[in-house]
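Novice: Here is my input; please provide its structure:
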Amino acid sequence: MASTQPQQTTLAPPRGSLYVNVATLLLITAMLAGCDRPRTYENQFLAFGTLVEITIHGAERELAEMAFEVARRDFAHMHAAWHAWQPSALTRVNTAIAAGESIDVDADVLPLIERAKSLSRRSRGLFNPAIGRLVELWGFHTDDYTGRRPPSDARIRALIDQNPSMDDLTLEGSQLSSTNPNVQLDFGAYAKGYGIGLVAEHLRAMGIENLIVNAGGDLRAIGAHGDRPWRIGIRHPREQGVFASVETDGDESVFTSGDYERYFEFKDTRYHHILDPRSGYPARHTTSVTVIHTNPGVADAAATALFVAGPSHWPAVAQAMGVRDVMLIDDQGRAHLTASMAARVEFEIDLPPKAVVHDRS
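Specialist: Below is the predicted model:
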């Protein structure tokens, strides 16, 4: 599973609600003298190659501490099972596919494959976890991009001509086979969202009603911070800090895909990790996409698919994926929003040169 770099935290102007930076979770505790008010507790650790932060409000300290340990174990287990290039249950699946063999898929990996197949179809193939060989070719199966250079056009074309897709996989119960040995699964654009959802459900089942599970800036927020909703900041794709914020409502996930997360530069050109499965090259004309959805896995996959779709085509893909709240920032700094997102987003800096609202009704 690919890593992301921890991102800096910036406070937005106070608006009477808790502010949480999408890049790094900000905790504003209510530990007042006397301490008879509900408290907010925070714990952080590394998993999925990034900083994971858990925030719990209104629970007893003992329950919060137990929940932190449960979350840590859950993330460690998922990281070990879903890693795309270190030995894992997922790499065993990829080895079998490459050898043309069927395999009984581990129960930890099977739901990922099933759900990703459906999401890939709905995204018109723009979310495509089957292109792991292409991700590897570009050098993103590592935590260090120093000295990278783009692969040759010929090597890229050779992989694209094989057209690996999730439709090449056949599942009969837990038995998986593939008609295309060039399929290599990499759930870097989905596993984090799916995993955040599992952990949040686990903690809620323990009786925790107000929480945020944040992995590297992508998060699920449930409940509220007392009488205030959680406020989420959206990182500026080219500058330090945030440029917009939204408040979550009840149980929502906020995911952002950006070309600033994992990239290298070669001859003054930025080559980022969000690859267009049609061309084999990093997707162009977009710098970031933010999606809000009740399902964190859908939000994660959709943010990638809409980034690839780009400024001209993302509305149709968003509609096909059932996503209502979207903001895309193009390479000219313009913000493109669905009408529902425009109604809830608040810009923390001067508006971009042009904000384009798309009516999906």
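
Novice: the strands in the stretch 251-361 of the chain, which residues?
Specialist: Secondary structure of the stretch 251-361 of the chain (DSSP state E, counting those that start in this stretch): strands at 263-266, 269-272, 286-293, 325-330, 335-338, 346-347, 355-358.

Novice: Let's have those strands in a markdown table, adding mean neighbour count.
Specialist: Every C-beta, even on glycine, is put in place using the N, C-alpha and C of the backbone. Output for those, formatted as a markdown table (neighbours: other C-beta atoms under 10 Å):
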| stretch | mean neighbour count |
| --- | --- |
| strand 263-266 | 14 |
| strand 269-272 | 16 |
| strand 286-293 | 26 |
| strand 325-330 | 25 |
| strand 335-338 | 23 |
| strand 346-347 | 14 |
| strand 355-358 | 14 |
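
Novice: what's the closest of those to Gly216?
Specialist: Minimum separation from Gly216 across the strands of the stretch 251-361 of the chain (C-beta to C-beta) falls at strand 286-293, 14.1 Å.

Novice: Provide the contact partners of that closest one at residue level.
Specialist: Applying C-beta atoms under 8 Å, 6 or more residues apart in numbering, the external contacts of strand 286-293 come out as 22, 234-235, 237-238, 246, 248, 252-260, 299, 302-304, 306-308, 310-311, 314, 323-331, 333, 341.

Novice: what's the burial count for Lys192?
Specialist: 30 (other C-beta atoms under 10 Å).

Novice: Please report how far the closest residue to it other than its chain neighbours lies from Ala67.
Specialist: Closest residue in space to Lys192, ignoring its immediate chain neighbours: Ala215 at 5.3 Å, by C-beta to C-beta, 6 or more residues apart in numbering. The gap separating Ala215 from Ala67 is 16 Å, by C-beta to C-beta, to the nearest Å.

Novice: So for those two, which residue has more residues nearby?
Specialist: Ala215 (27 against 23).

Novice: which residues does the more buried one bridge with?
Specialist: Assessed by DSSP bridges, Ala215 has beta-bridge partners Val52, Asp218.

Novice: Distance check, it against Leu112.
Specialist: For Ala215 relative to Leu112 (C-beta to C-beta), the value is 16 Å.

Novice: And the strands of the stretch 251-361 of the chain: which comes nearest Leu211?
Specialist: strand 286-293 (17.1 Å).

Novice: Each with direction, which strands does the closest one pair with?
Specialist: strand 250-258 (antiparallel), strand 325-330 (antiparallel).

Novice: Tabulate these (TSV), appending distance to Ser123 and mean pLDDT.
Specialist: TSV is the format used below for those (distance: least, C-beta to C-beta, whole Å; pLDDT from 0 to 100):
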stretch	distance to Ser123	mean pLDDT
strand 250-258	13	97
strand 325-330	13	97
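
Novice: could I get those strands as a markdown table with distance to Arg278?
Specialist: Below are the strands paired with strand 286-293 laid out as a markdown table (distance: least, C-beta to C-beta, whole Å):
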| stretch | distance to Arg278 |
| --- | --- |
| strand 250-258 | 17 |
| strand 325-330 | 18 |
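
Novice: how about the helices of the stretch 101-250 of the chain, start to end?
Specialist: 110-122, 132-137, 153-160, 191-205 (DSSP state H, counting those that start in this stretch).

Novice: Can you lay out the ones you listed as CSV showing distance to Gly223 and mean pLDDT?
Specialist: Formatted as CSV, the helices of the stretch 101-250 of the chain follow (distance: least, C-beta to C-beta, whole Å; pLDDT from 0 to 100):
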stretch, distance to Gly223, mean pLDDT
helix 110-122, 25, 98
helix 132-137, 36, 98
helix 153-160, 45, 98
helix 191-205, 9, 98
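
Novice: Kind regards, and thank you for your time.
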